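Participant: here's my sequence, what's the structure:
(one chain, ligands or ions: 1)
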Amino acid sequence: MCDTYKKLLTCYDSLRERTAFKPQLGLVLGTGLGNFADTIRIVDRVSYHDIAGFPTSTVEGHKGQFVFGYVDAVPVVIMQGRVHYYEGYDITDVVLPIRLMKLMGAQILMVTNASGGICKTFQAGDLMLINDHISSFIPSPLRGTNIDALGTRFPDMTDAYDPKLREIIRTTARKENIPLQEGVYIQLPGPQFETPAEIRMAERLGADAVGMSTACEVIAARHMGMRVCGISCVSNMAAGLTGGPLLHDEVQQNADLAAPRFEKLVWASIVAIARSI
Ligand code: HPA
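Facilitator: Down below sits the predicted model:
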């Protein structure tokens with residue numbers, strides 16, 4: 001058995017000693033959505049520090065715990081604070097929590113993040129339904145011995161973001177009167193923000209928004225056959241598009257401003273998705 005799989009099973013056993021909760025859906029909270037977990041009916045919380053072998057997050061503004069509970073009647077596990085590649089972890093560690101969520105029972109994954117808007121018609125504060133991603137600038141989380149128990153060696157990435165789930169989120173946004181953009185997310189390694197030249201490159205490659213997470217997590221989830229959907233909060237326009245510098249505090253502030261709309265859309269979408277299955 002390869003080390004990555006051994007570590008995953010160690011984490012799983014350790015987590016199961018703390019909770020028997022079986023989620024239907026896993027939700028990854030990005031910048032600005034950190035308080036969403038406080039709005040659900042919480043059953044259990046497990047700090048990442050209490051899971052043997054778990055990579056622990058160092059990024060500011062992230063709490064670093066799994067929260068188990070109910071969105072309406074839907075059993076969910078929430079990752080409050082994700083692990084980023086730029087923190088120095090191996091890419092397999094970055095996706096370990098996603099794999100854990102699947103082992104716990106989650107069949108659906110909803111990813112959220114903050115991003116820089118590349119598409120010229122976007123504005124800071126917009127929400128964007130992710131319809132595809134570009135992960136070509138980061139290592140694959142599937143590199144190395146394939147873990148056959150999780151999935152196949154060469155998983156398909158067509159419709160990585162489930163078309164039916166996307167349609168449900170679109171419909172939900174319309175019903176809730178929440179404007180929703182749509183586009184392609186590119187994951188770049190960070191932690192530095194991009195140069196204007198890199199943003200022009202990303203635009204030519206077909207990206208509408210840029211960030212430092214998510215695509216690797218989605219690859220791991222699709223490897224395991226999870227159905228995936230994703231929503232990004234465009235917390236700023238990307239480098240070179242506004243004339244000013246990019247500041248992490250501003251990214252955080254804009255994400256916080258969009259949070260009520262974002263929370264409402266995520267909540268209503270989870271309820272609608274659960275009804276559809
Ligand atoms: N670039 C990369 N990651 C980001 C950005 C950005 O402009 N905004 C929020 N996360």
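Participant: which SS state does I231 fall under?
Facilitator: In the three-state summary, I231 is assigned as strand, counting by DSSP: H, G, I helix; E, B strand; the rest coil.
Participant: please tell me how far the nearest residue to it once chain neighbours are set aside sits from L33.
Facilitator: Ranked by Cβ to Cβ, 6 or more residues apart in numbering and with sequence neighbours excluded, the top spatial neighbour of I231 is T112, at 5.3 Å. For glycine as for every other residue, the C-beta is placed from the backbone atoms N, C-alpha and C. Distance from T112 to L33, counting by Cβ to Cβ, to the nearest Å: 5 Å.
Participant: who touches both of those two?
Facilitator: Contact criterion Cβ atoms under 8 Å, 6 or more residues apart in numbering; residues bridging T112 and L33 by contacting each: 233, 262, 266.
Participant: which helix or which strand is home to the most centrally placed residue in the chain?
Facilitator: By Cα atoms, centre = their mean, the chain has its centre lying nearest to V111, at 3.0 Å. Assigned by DSSP states H and E, V111 falls within strand 108-117.
Participant: pLDDT of that strand, averaged?
Facilitator: The average pLDDT within strand 108-117 is 97.
Participant: could you do stretch 222-233 as well?
Facilitator: pLDDT averaged over stretch 222-233 gives 98.
Participant: that stretch and the ligand, are they touching?
Facilitator: No: figure legend: stretch 222-233 not in contact with the ligand (Cβ under 6 Å from any ligand atom); closest approach 8.3 Å.
Participant: which parts of that stretch are buried?
Facilitator: 222-224, 226-233 (16 or more other Cβ atoms under 10 Å).
Participant: what about the residue of the stretch 1-150 of the chain found nearest the ligand, how many residues nearby?
Facilitator: Nearest residue of the stretch 1-150 of the chain to the ligand, counting by Cβ to the nearest ligand atom: G116, 2.1 Å away. A count of nearby residues for G116, using other Cβ atoms under 10 Å, gives 27.
Participant: spatially nearest residue to it, not counting backbone neighbours?
Facilitator: Excluding its sequence neighbours, the residue lying closest to G116 (Cβ to Cβ, 6+ apart) is A238, at 3.5 Å.
Participant: can you count the residues close to the one you found?
Facilitator: 28.
Participant: ok, the one residue in the stretch 151-277 of the chain that gets nearest to the ligand - contacts?
Facilitator: Here the residue of the stretch 151-277 of the chain nearest the ligand is G211; by Cβ to the nearest ligand atom that distance is 4.2 Å. By Cβ under 8 Å, 6+ apart, G211 lies in contact with 113-116, 185-188, 232.
Participant: let's go with 7 Å and repeat that
Facilitator: By Cβ atoms under 7 Å, 6 or more residues apart in numbering, the residues touching G211 are 113-115, 185, 187, 232.
Participant: and the two most separated of these?
Facilitator: A114 and Q187 (12.7 Å; Cβ to Cβ).
Participant: partners of the closest residue to I78 other than its chain neighbours in the sheet?
Facilitator: Nearest residue to I78, sequence neighbours excluded (Cβ to Cβ, 6+ apart): V67, at 4.3 Å. Beta-bridge partners of V67, counted by DSSP bridges, are R45, I78.
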